[in-house]
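# structure, please.
(2 chains)
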Amino acid sequence: MKIATYNVNSINARLPVLQRWLAQSRPDVVCLQELKAVQANFPDAAIRDSGYAAIWHGQKSWNGVAILARELPLERRRVLPGDPDDAHSRYLEATVGDLVIGCLYLPNGNPAPGPKFDYKLGWIERLKRHAAELIAAGTPAVLAGDYNIIPTEHDVYKPERWLDDALFRPEVRAAYRELLAQGWSDALRTLHPEERIFTFWDYFRNAYARDAGLRIDHLLLSRAVAPRLRAAGVDREVRGWEKSSDHAPVWIELD
DNA sequence: ATGCCTAGTGATACTAGA
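So this is what the prediction gives:
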């Protein structure tokens, strides 16, 4: 079973690239982030033509998340609990087969410090509370998405330039470590502990050609799932396609 | 230190992304 996550940076601007990648990579489950479309503007028919049933949570202008699968995902929740005032579409959770799939788009948080960074830290705390419940229940779960967190200095092309950035600030990295310590494993790093792996290259500064990237898209496996991990990778060539997202798809294969 | 690019909105300039 192949599970992927892909920040598309607009589902409608990305549709040709998404369809081409789905046909080539043939994942069983896909978590999408940054739909940048209201609920009614999700291209459901085109996704069906590609062979996937989808649930999604749209929003005007920004954010928006979706889960695609061969059979219709059974929705469990469409918001992260813990803040009734949070109107961002950044979390969607569903049952697919024997797995719970959490699709997340964690806030960017820049500039830091500031209200956006505070929102990011609060969002991470809520994610940790929810993730702890999944672990406590022994749920076989995958939390996949754009975390907007560079976990370590090995996950960024030039760490000294990112020290004050909301993606790399010490408190954000610490929160990610605390999340893993609950019993989640970072699938890409588990199978490729030393490799230089990036999932995002800025549109600026010819970043992809220079391989000036970041690893910020992650698939976290609960204890019940981790032993099933067989392969993991980044479809980085997709970032080089015409009209690509600034992120590349990231995938795992489970028994 | 700044803008470099891309997308959405809705009006031709701004916000936001990371």
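# and the stretch 1-150 of chain A, which of its residues are near DNA strand B?
Counting by CB under 7 Å from any atom of the strand, the stretch 1-150 of chain A comes close to DNA strand B at A:7, A:9-10, A:12-14, A:34, A:36-38, A:60-62, A:107-108, A:110-111, A:116, A:146, A:148. All C-beta spots, glycine's among them, are computed from the backbone N, C-alpha and C.
# just the buried residues out of those, in PyMOL syntax.
Buried subset of these, written as a PyMOL selection, criterion 16 or more other CB atoms under 10 Å:
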select buried, chain A and resi 7+9+14+34+36+37+107+108+146+148
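# take the residues of the stretch 1-150 of chain A next to DNA strand B and keep only those in strands.
Helix and strand membership here follows DSSP state E; of these, those in strands are A:Asn7, A:Asp146.
# just the ones in helices from the residues of the stretch 1-150 of chain A next to DNA strand B, please.
When DSSP state H is applied, those are split such that A:Lys116 fall in helices.
# number of nearby residues for the residue nearest to A:Arg236 when sequence neighbours are not counted?
What sits nearest to A:Arg236 in space, not counting adjacent residues and going by CB to CB, 6 or more residues apart in numbering, is A:Ala248, at 4.8 Å. Residue crowding around A:Ala248 was assessed by other CB atoms under 10 Å; the count is 25.
# repeat that for A:Val234.
When neighbours are defined as other CB under 10 Å, A:Val234 has 23 of them.
# wait, it touches A:Phe198, no?
Yes: A:Val234 lies in contact with A:Phe198 (CB atoms under 8 Å); the separation is 7.2 Å.
# which residue of chain A lies farthest from its centroid?
Residue farthest from the centre of chain A, counting by CA atoms, centre = their mean, is A:Glu160 at 24.5 Å.
# surely it is within a helix?
Yes: the assignment for A:Glu160 by DSSP: H, G, I helix; E, B strand; the rest coil puts it in a helix.
# and it, how close does it get to A:Pro113?
Separation of A:Glu160 from A:Pro113 (CB to CB, to the nearest Å) stands at 20 Å.
# and for A:Leu18?
Relative to A:Pro113, and taking CB to CB, A:Leu18 is found at 36 Å.
# which residues do A:Val234 and A:Phe198 both contact?
Counting by CB atoms under 8 Å, 6 or more residues apart in numbering, the common neighbours of A:Val234 and A:Phe198 are A:Ala248.
# wait, A:Gly102 sits on A:Thr139?
No: A:Gly102 is not in contact with A:Thr139 according to CB under 8 Å; the separation is 9.8 Å.
# out of these two, which sits in the more crowded spot?
A:Gly102 (27 against 17).
# the more buried one and A:His130, how far apart?
For A:Gly102 relative to A:His130 (CB to CB), the value is 8 Å.
# spell out for me which residue occupies the centre of chain A.
For chain A, the residue lying nearest the average C-alpha position, counting by CA atoms, centre = their mean, turns out to be A:Gly145 (1.1 Å).
# quick one, what contacts it?
By CB under 8 Å, 6+ apart, the neighbours of A:Gly145 are A:Thr5, A:Asn7, A:Cys31, A:Gln33, A:Val65, A:Gly102, A:Cys103, A:Leu104, A:Tyr105, A:Leu106, A:Asp217, A:His218.
# show me those that map onto strands.
Secondary structure from DSSP E places A:Thr5, A:Asn7, A:Cys31, A:Gln33, A:Val65, A:Gly102, A:Cys103, A:Leu104, A:Tyr105, A:Asp217, A:His218 of those in strands.
# what about the third one, how many residues close to it?
Read that as A:Cys31. Counted with other CB under 10 Å, residues neighbouring A:Cys31 total 31.
# cool, and A:Arg177?
Counted with other CB under 10 Å, residues neighbouring A:Arg177 total 11.
# what pLDDT does it get?
The model reports A:Arg177 with a pLDDT of 97.
# any idea what the nearest residue to A:Cys31 once chain neighbours are set aside is bridged to?
Once flanking residues are discounted, A:Cys31 sits nearest to A:Cys103: 3.6 Å by CB to CB, 6+ apart. Listed by DSSP bridges, the beta-bridge partners for A:Cys103 are A:Leu92, A:Ala144.
# I appreciate the help and will end here.
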